[in-house]
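Asks: Test case, fold it:
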Amino acid sequence: KKRNLLLSRSKRRKRENKRRTYIYTTMSSNGSVITFAVNGQRYEVKPGEYDLTLSLNSFIRRHTPFKGTKLSCSEGGCGACVVDIARREDSLGRSSKSSPIAHYSVNSCIRALASMDGWSVTTTEGLRKGEDFHPIQKRIADFNGSQCGFCTPGMVMTLYSSLQQKPHSTMAELENRYDGNICRCTGFRPILDAVKSFATDSNISNQVNSQIPFTKGPYDHHQFDPEFPEYLNSIDTSRRLSFNDANGRRWDRPSTVSEALQIASKTQDSSTVKFVNANTSVGYVKAESRFIQQFIDIANIADLHEIKTSDEGLTIGGATTIAHFIDALRSNVQSQSIDKVRSFSSLADHAYRVASVHVRNVGTVAGNLILAKNHGFVSDLAVILLGAKATITSATVQSNNSENIVRNTETIEQFLSKPQAQGEYRIVERITVPWTNGNTHFRTYKAAPRPQQAIAHLHAAMNIEVNQVGVVIGEPVIAYGAVMEMDQPGSHPIRATRTESVLKGKSILDKHTLDAAISAVNADFAEHVA
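Replies: Numbers count the residues shown, from 1 in each chain. So this is what the prediction gives:
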């Protein structure tokens, strides 16, 4: 019976795989070709060959000889599918032929194949040279870091990508890179021991196979790592791409915001158009891609990657990844006076708890806010940016009116609470986090099942200016998220306006003020709670 059951499951799996095969022979009249590498091998995808919803993971597993990369959750949550992607780009994430090679670990199960032009993909097979295993692979095996082995390719590639980004990492830094990898066998200890053995401050010993010698600390990257494919250096990834799949769905990659909005405005139904960068939202809103007919890839619009400071504060572009946002916050903590950046450390620490490193590497701050606006996603970034009094600038057009681009700057609260109008197309151009002052007290909080890679049960951000005698001055902001019913358009973080009014101008050292604030919080929640 057990054998028949296994055979039955095998047949069902084969039928399912057959249904999921997305190879098409219909060709588009457009000549755009996507060129990328998998373990050094060159692949070219022509218009019409694959469905636009095909993931990088599906392509690797079905259309290349490399089966090591696994598929489990299809949500970007477990890490079994992690691969390393690399290309030449500047420090802001803009593709540039003259720049160094940047590496990112990504969830291949939610990475669109259509977005891979110019990228070099490395899977666990790509690390092996002939009969010799890579030091990372050998170390995890020697430490008994693999039992069933299903998670191991993702574990290997996470460490490889992390050490590409920062070869001289500490044990704590390497452990923090594993917030998006799940193992159901080993209990993680032997895996993390193997990982930490590559750290500069490693004090790890092999507790399982103590007789196997190993060298603590970084390995020789020049000796063991694969080379970046030379032919990718000649690909102009800034060029405009445009192609259809066999189902008539279209993928465009414009080079300016105006071009992107012009393409979108040609469609009457705005619900069938999606602006994408990394498109990590497909791990959360799974059904959405089935209804999208026009994908507009804005990842290569240079202006959307800009990060700068001004008299107002820190401004990031709409294509700035969460990881680059965190880096920018921490960089300004080091470079600016402490009074100007009193909110920045808390913002960076909280943003580091958003999703996992594989999502933060490529997912954008603006995309996270759009997900909260359009789908009621419980967004940590929306709450903490609301608390920080951030503003957001968008460019919008209406259907069949691409010449009239309207730019508007508004608060995060205004942006989230305003419903998306039918026939309106919006691109977030920039987000500005204002400087603070010496009286500012800023805190964020999150109650969740896990420290990272978890949606909050409740989260909050509080921004209050208090003078030397304890009196609240200015306009306090107290923001809560996960209060309204989640996953519903129109659900968004709230401001506890009654509580803010109670605190304004009052002493926080007065017990009566605190008692009144607690009563006001209850009233604020009662108004919005689902």
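
Asks: What values do phi and psi take at the residue most central in space within the chain?
Replies: By C-alpha atoms, centre = their mean, the mean C-alpha position of the chain lies nearest to residue 363, the distance being 2.5 Å. With angles defined as degrees, to the nearest 10, residue 363 sits at phi -70, psi 150.

Asks: now residue 319
Replies: Torsion angles, degrees, to the nearest 10, at residue 319: phi -100, psi 10.

Asks: Need the nearest residue in space to it, chain neighbours excluded.
Replies: residue 304 (3.6 Å; C-beta to C-beta, 6 or more residues apart in numbering). In short, each C-beta sits where N, CA and C put it, glycine included.

Asks: What's the separation between that neighbour and residue 297?
Replies: Going from residue 304 to residue 297 by C-beta to C-beta, to the nearest Å gives 11 Å.

Asks: residues touching the residue nearest to the centre of the chain, list them.
Replies: 277, 278, 280, 321, 322, 355 (C-beta atoms under 8 Å, 6 or more residues apart in numbering).

Asks: from the residues you listed, which ones fall inside strands?
Replies: With strands taken from DSSP state E, there is no overlap with the contacts of residue 363.

Asks: Quick check: of the residues you listed, which lies closest to residue 163?
Replies: Using C-beta to C-beta, residue 321 comes nearest to residue 163 of these, at 19.6 Å.

Asks: got a list of contacts for the helix or strand containing residue 348?
Replies: Assigned by DSSP states H and E, residue 348 belongs to helix 344-351. For helix 344-351, the surrounding residues in contact (C-beta under 8 Å, 6+ apart) are 314, 322, 325-326, 329-330, 332-333, 360, 380-381, 384-385, 388, 433, 442-444, 446, 461.

Asks: among those, which ones are buried?
Replies: Buried positions within the contacts of helix 344-351, assessed by neighbour count (16 or more other C-beta atoms under 10 Å), are 314, 322, 325-326, 329-330, 332-333, 360, 380-381, 384-385, 388, 433, 442, 444, 446, 461.

Asks: Among those residues, name the ones in helices.
Replies: 322, 325, 326, 329, 330, 332, 333, 360, 380, 381, 384, 385 (DSSP state H).

Asks: quick one, helices of the stretch 1-150 of the chain?
Replies: 2-20, 56-63, 135-142 (DSSP state H, counting those that start in this stretch).

Asks: looking at those helices, which one has the lowest mean pLDDT?
Replies: Across the helices of the stretch 1-150 of the chain, helix 2-20 has the smallest mean pLDDT, namely a mean of 46.

Asks: on that earlier part again, among residue 304 and residue 297, which residue is more densely surrounded?
Replies: More crowded of residue 304 and residue 297, by other C-beta atoms under 10 Å: residue 304, with 26 against 22.

Asks: Are we agreed that the more buried one is in a helix?
Replies: Yes - counting by DSSP: H, G, I helix; E, B strand; the rest coil, residue 304 is located in a helix.

Asks: Check what pLDDT it gets.
Replies: 97.

Asks: Pretty sure it sits against residue 321.
Replies: No - taking contacts as C-beta atoms under 8 Å, residue 304 lies outside contact range of residue 321: 11.0 Å.

Asks: Give me the neighbour count for the closest residue to residue 400 other than its chain neighbours.
Replies: Spatial nearest neighbour of residue 400, excluding adjacent residues (C-beta to C-beta, 6+ apart): residue 265 at 6.1 Å. Neighbours of residue 265 under the rule other C-beta under 10 Å: 23.

Asks: How much space separates residue 356 from residue 106?
Replies: 10 Å.

Asks: just residue 498 next, same as before
Replies: 43 Å.

Asks: higher neighbour count, these two?
Replies: Set residue 498 next to residue 106 and count neighbours by other C-beta under 10 Å: residue 106 wins out with 27 against 19.

Asks: Per-residue confidence, that one, what does it come out as?
Replies: For residue 106, the pLDDT comes out at 98.

Asks: what ranges do the helices span in the stretch 151-300 of the chain?
Replies: Using DSSP H, counting those that start in this stretch, helices in the stretch 151-300 of the chain cover 152-165, 171-176, 189-196, 221-224, 257-265.

Asks: show me what contacts residue 340?
Replies: With C-beta under 8 Å, 6+ apart, residue 340 has these contacts: 435, 436, 437.

Asks: quick one: the helix holding residue 348 to chain centroid distance?
Replies: Averaging C-alpha positions (C-alpha atoms, centre = their mean, to the nearest Å) puts helix 344-351 16 Å from its chain's average.

Asks: can you give me the angle it makes with helix 380-387?
Replies: Helix 344-351 runs at 160 degrees relative to helix 380-387, counting by axes from the mean of the first three to the mean of the last three C-alpha atoms, to 10 degrees.

Asks: in helix 344-351, what counts as buried?
Replies: Buried-residue list, helix 344-351, by 16+ other C-beta under 10 Å: 344, 346, 347, 348, 350, 351.

Asks: Closest one of those residues to residue 66?
Replies: residue 351 (33.2 Å).

Asks: if I look at the nearest residue to residue 41 once chain neighbours are set aside, how far off is residue 46?
Replies: Closest residue in space to residue 41, ignoring its immediate chain neighbours: residue 64 at 7.4 Å, by C-beta to C-beta, 6+ apart. The gap separating residue 64 from residue 46 is 16 Å, by C-beta to C-beta.

Asks: buried ones in stretch 519-530?
Replies: 520, 521, 524, 525, 528.

Asks: got these as TSV, with distance to residue 184, secondary structure and pLDDT columns?
Replies: Supplementary listing: the buried residues of stretch 519-530 in TSV, determined by distance: C-beta to C-beta, whole Å; DSSP: H, G, I helix; E, B strand; the rest coil; pLDDT from 0 to 100:
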residue	distance to residue 184	secondary structure	pLDDT
520	45	helix	97
521	40	helix	95
524	41	helix	94
525	37	helix	92
528	38	helix	83
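
Asks: For the residues you listed, could you give me CSV that also reports distance to residue 425?
Replies: Formatted as CSV, the buried residues of stretch 519-530 follow (distance: C-beta to C-beta, whole Å):
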residue, distance to residue 425
520, 39
521, 38
524, 34
525, 35
528, 29
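
Asks: who are the neighbours in contact with the closest residue to residue 369 other than its chain neighbours?
Replies: With C-beta to C-beta, 6+ apart as the criterion, residue 369 has its nearest non-adjacent residue at 5.7 Å, and that residue is residue 382. Contacts for residue 382 (C-beta under 8 Å, 6+ apart) come out as 368, 369, 372, 412, 416, 481, 492, 493.

Asks: Pull out the buried residues from those residues.
Replies: Using 16+ other C-beta under 10 Å as the burial test, the contacts of residue 382 include 368, 369, 372, 412, 416, 481, 492, 493 as buried.

Asks: Compute the inter-axis angle for whichever strand or helix holds the third one and helix 380-387.
Replies: Using DSSP H and E, residue 372 sits within helix 365-375. Between the axes of helix 365-375 and helix 380-387, defined by the same axes, to 10 degrees, the angle is 100 degrees.

Asks: and helix 365-375, C-alpha only, in PDB?
Replies: Only the C-alpha atoms of helix 365-375 are listed here, as PDB (Å, rounded to 0.1, in the frame of the first residue of the first chain):
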ATOM      1  CA  VAL A 365      10.400  50.600   0.600                       C
ATOM      2  CA  ALA A 366       7.900  52.100  -1.900                       C
ATOM      3  CA  GLY A 367       6.700  48.600  -2.900                       C
ATOM      4  CA  ASN A 368       6.000  47.800   0.700                       C
ATOM      5  CA  LEU A 369       4.000  50.900   1.100                       C
ATOM      6  CA  ILE A 370       2.000  50.300  -2.100                       C
ATOM      7  CA  LEU A 371       1.200  46.800  -0.800                       C
ATOM      8  CA  ALA A 372      -0.100  48.300   2.400                       C
ATOM      9  CA  LYS A 373      -2.100  50.900   0.400                       C
ATOM     10  CA  ASN A 374      -3.700  48.600  -2.200                       C
ATOM     11  CA  HIS A 375      -4.000  45.300  -0.300                       C
END
